[in-house]
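1. I'd like to go over a predicted model; first the sequence, then the structure.
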Amino acid sequence: MAENRDTGAESNAGWRRGMELTTIVALCALGLSGLSFYRSYIYTKQQLEITVTEVSFATNQGELYMTVAFANGGNRDAALLRVEPALWGRRDKKEAAWIPLVGKVHPSIPVTMPKTPTVVHAGGVELVTLSAKLDAGQAEQAAAAQGGVFVGIRVATMNSDGNLYLLHHPVARLLVDLQGKIRGAEPAIHQSLSGFVDLDGAPPGDNLQSNKKTPFVWADEQP
């Protein structure tokens, strides 16, 4: 009889342990479901990072190329309304400003590809290429700051709340010699930029040292 009681007790203990494990698993699953619901429908994270990865300027062809990455680290989609290359200079104004470059390098190649407006989905990355005509003579005659001619980007975005943002920032400085000829280029940006801020960045750019977010930059020498 004692042996039967011991066997029954062990069986009851095993059943209770099984029930406890089942309860713990069910509670964990419920918690994960609640967390997923909170992150999907209640918690809002608006985040868009802009990183220029590459800049090149072919002086003989007068062609400027850039690659810009838009990384959405938030959980809401972001609208990319407009992206365009720009030159720091004067246009019928006393003060220098960012002048959009809208000339195409070829009739069949748009300045911005893919065309905007477009959507950067939550957790996704969108690569945008910019191709614009920039005559070397025009660049050399542009108003220069800090001993160089600057090219940059103009970006317009909108977050999921409908807020609009406009960003201007230098990307590269075209190096000009004493004869006023372009002899190369160097980065004017060493960091990612927030896509959800209003920023009117004038040359010479940020002062951080080169790192993995510094774009590849080069330019042909102007003969």
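-> Looks like it came in fine.
2. can you get me a residue count around Ala172?
-> By other Cβ atoms under 10 Å, the residues close to Ala172 number 26. C-beta: built from backbone N, CA, C; applies to glycine.
3. on the three-state scheme, it is what?
-> strand (DSSP: H, G, I helix; E, B strand; the rest coil).
4. what's the separation between it and Gly73?
-> Using Cβ to Cβ, to the nearest Å, Ala172 is found at 25 Å from Gly73.
5. same question, Leu167
-> Counting by Cβ to Cβ, the gap from Leu167 to Gly73 is 17 Å.
6. look at these two and report which has more neighbours.
-> Neighbour count, other Cβ under 10 Å: between Leu167 and Gly73, Leu167 has more, with 21 against 13.
7. direction included, what does the host helix or strand of His168 pair up with?
-> Take DSSP states H and E as the rule and His168 turns out to sit in strand 164-176. Using DSSP bridges, the strands paired with strand 164-176 are strand 148-158 (antiparallel), strand 182-187 (antiparallel), strand 199-200 (parallel).
8. now that strand, how far from the chain's geometric center?
-> Centroid separation between strand 164-176 and its chain, computed with Cα atoms, centre = their mean, to the nearest Å, is 13 Å.
9. so for that strand, mean pLDDT?
-> Strand 164-176 shows a mean pLDDT of 93.
10. name the residues of it that come out as buried.
-> By 16 or more other Cβ atoms under 10 Å, the buried positions in strand 164-176 come out as Tyr165, Leu167, His168, His169, Pro170, Val171, Ala172, Arg173, Leu174, Leu175, Val176.
11. closest to Ile50 among those residues?
-> Nearest to Ile50 out of those is Leu167 (Cβ to Cβ; 7.3 Å).
12. show me the contacts for the closest one.
-> For Leu167, the contacting residues are Ile50, Ile153, Arg154, Val155, Ala156, Thr157, Leu193, Gly195, Val197, Asp198, Leu199, Gly201, by Cβ atoms under 8 Å, 6 or more residues apart in numbering.
13. show me what the third one is bridged to.
-> I take that to be Arg154. As for beta bridges, Arg154 partners with Glu84, His168 under DSSP bridges.
14. quick one: it and Leu81 touch, right?
-> No - Arg154 is not in contact with Leu81 according to Cβ atoms under 8 Å; the separation is 10.8 Å.
15. next SSE downstream of the one helix or strand Ser131 maps to?
-> For Ser131, the host element (DSSP H and E) is strand 125-133. The first helix or strand that comes after strand 125-133 along the chain, using DSSP H and E, is helix 136-141.
16. could you export that next one as PDB, CA atoms only?
-> Extracted C-alpha coordinates of helix 136-141, given in PDB (Å, rounded to 0.1, in the frame of the first residue of the first chain):
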ATOM      1  CA  ALA A 136      33.200  72.700 -64.300                       C
ATOM      2  CA  GLY A 137      33.300  76.400 -65.300                       C
ATOM      3  CA  GLN A 138      30.000  77.000 -63.400                       C
ATOM      4  CA  ALA A 139      31.400  75.200 -60.400                       C
ATOM      5  CA  GLU A 140      34.700  77.200 -60.400                       C
ATOM      6  CA  GLN A 141      32.800  80.400 -60.700                       C
END
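17. ok, which stretches of the protein are strands?
-> Here the chain has its strands, by DSSP state E, at 49-58, 63-71, 78-89, 97-100, 112-113, 118-120, 125-133, 148-158, 164-176, 182-187, 193-194, 199-200, 216-219.
18. can you list those in JSON lines and add distance to Ala139?
-> What follows is the strands of the chain, written out as JSON lines (distance: least, Cβ to Cβ, whole Å):
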{"stretch": "strand 49-58", "distance to Ala139": "8"}
{"stretch": "strand 63-71", "distance to Ala139": "9"}
{"stretch": "strand 78-89", "distance to Ala139": "7"}
{"stretch": "strand 97-100", "distance to Ala139": "11"}
{"stretch": "strand 112-113", "distance to Ala139": "20"}
{"stretch": "strand 118-120", "distance to Ala139": "29"}
{"stretch": "strand 125-133", "distance to Ala139": "11"}
{"stretch": "strand 148-158", "distance to Ala139": "5"}
{"stretch": "strand 164-176", "distance to Ala139": "6"}
{"stretch": "strand 182-187", "distance to Ala139": "7"}
{"stretch": "strand 193-194", "distance to Ala139": "23"}
{"stretch": "strand 199-200", "distance to Ala139": "21"}
{"stretch": "strand 216-219", "distance to Ala139": "9"}
